[in-house]
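In: Build me a model from this:
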Amino acid sequence: MRAASAVVVVEARGVRRNLLAPLLRAGDALRPGSRPWRWVIVVAPARTEARCAAADLRVLAARLERALLHALGECAAPAVGWLELSGEVAPPPALLEEEALRRGRLERERRALFRAVGHELRTPLTSVRGYLELLLADPPQRRAEARRFLEIAQRETLRATRLVDGLFELSLLEAGAAPLRLGRGSLAAIAHAALESLALEARRRDVVLRRELRQACAVLDEERVAQAVLNVVHNAIKYARSGVWVRTRTGRGAVLLVVDDDGPGFDAEELRTGPVYGRRGSAGRGIAGSGVGLALAGAVAALHGGGMALSTSPHGGARVRLRIPAG
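Out: Just a heads-up that it's a prediction; the model follows:
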């Protein structure tokens, strides 16, 4: 099958190369099926850097949006099992009803994911397009102002890329196509690193991070578990009003990460049935988020033979607990 191609005109200068890299990676991650995307990079003669970058990014943003919609249709669609009737023996009505309920739930989850991801992706792409159209329509006279516009566009493309990467990783985990690289690791050290990485974000939101990290070692894939922990803690910071509490400990042959916040918490339906791709329900409405981060964390824990549990925190918000067998 012939590879799909995307031709990109690139001037060999630093700002444009940095801006285009996230979108190029996102396009590669979103290749439909097994067809590789072939990015053709053409070095153009020197022109006005801001105008060239604006034009290139505008085209790439539109292509990324179309590619994501295509990928969602493939990787997020539920695998629905159909009952095969053989001979004259019909299955019990209860079994048919259970299958119908399962198909309905999966379809609702798929639609909810489409809505959440579509909304989450539209925000950075709208921002990118707005600033790039501003550059194209009325190029700034001062280089500093042009650079500021491009830096904002770059930040938003990175935000969109993180969402795309998360969806791609989630599809691999759920399909069982993500082998673990196991080794002896410390969940406490992983949690400490996550807290250090998110300290600035917490300070920006006026959220105080509190920790109680007891030694908790296990056989695990350190890179994937680190991403799962980062997702859970970041989710708590996003919803917290003023505080997040992070604990690690051992118990019953497993290592545990417990993250509490004092935000709106999970609603009754989520506590009863679990989250739909990790999104907060009615209690957390009004806060942007696709919920892919929590879903990814739960998939990582499950891949290790553990799991993720949701409950109400003693602090009035949400509690997320990740459990990984000690091995």
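
In: per-residue confidence averaged over stretch 265-274?
Out: The average pLDDT for stretch 265-274 rounds to 75.

In: Which parts of the chain are strands?
Out: Shown for the chain, the strands assigned by DSSP state E span residues 4-10, 37-43, 183-186, 208-213, 217-220, 243-251, 254-261, 307-312, 318-325.

In: where does the protein dip in pLDDT?
Out: 1-91, 106, 108-124, 139-140, 159, 174-175, 177, 273-291 (pLDDT under 70).

In: at 80 instead, please
Out: Applying pLDDT under 80 to the chain picks out residues 1-96, 99, 102-178, 268-292, 327.

In: sorry, back to before: can you say which of the strands of the chain is packed in most?
Out: Counting by mean count of other Cβ atoms under 10 Å, strand 254-261 has the highest mean neighbour count of the strands of the chain, with a mean of 24. Every C-beta, even on glycine, is put in place using the N, C-alpha and C of the backbone.

In: and that one, what other elements does it pack with?
Out: helix 187-204, strand 217-220, helix 222-239, strand 243-251, strand 318-325 (3 or more Cβ pairs under 8 Å, 6 or more residues apart in numbering; DSSP states H and E).

In: switch the cut-off to 10 Å
Out: For strand 254-261, the elements it packs on are helix 187-204, strand 208-213, strand 217-220, helix 222-239, strand 243-251, helix 292-303, strand 307-312, strand 318-325, judged by 3 or more Cβ pairs under 10 Å, 6 or more residues apart in numbering; DSSP states H and E.

In: What are the structural domain limits within this structure?
Out: 4-77+98-174, 183-325 (automatic domain parsing).

In: and the shortest one, how far apart are its ends?
Out: Put plainly, it is domain 183-325. One end of domain 183-325 sits 13 Å from the other (Cα to Cα, to the nearest Å).

In: and Met308, bridged to which residues?
Out: Listed by DSSP bridges, the beta-bridge partners for Met308 are Leu322.
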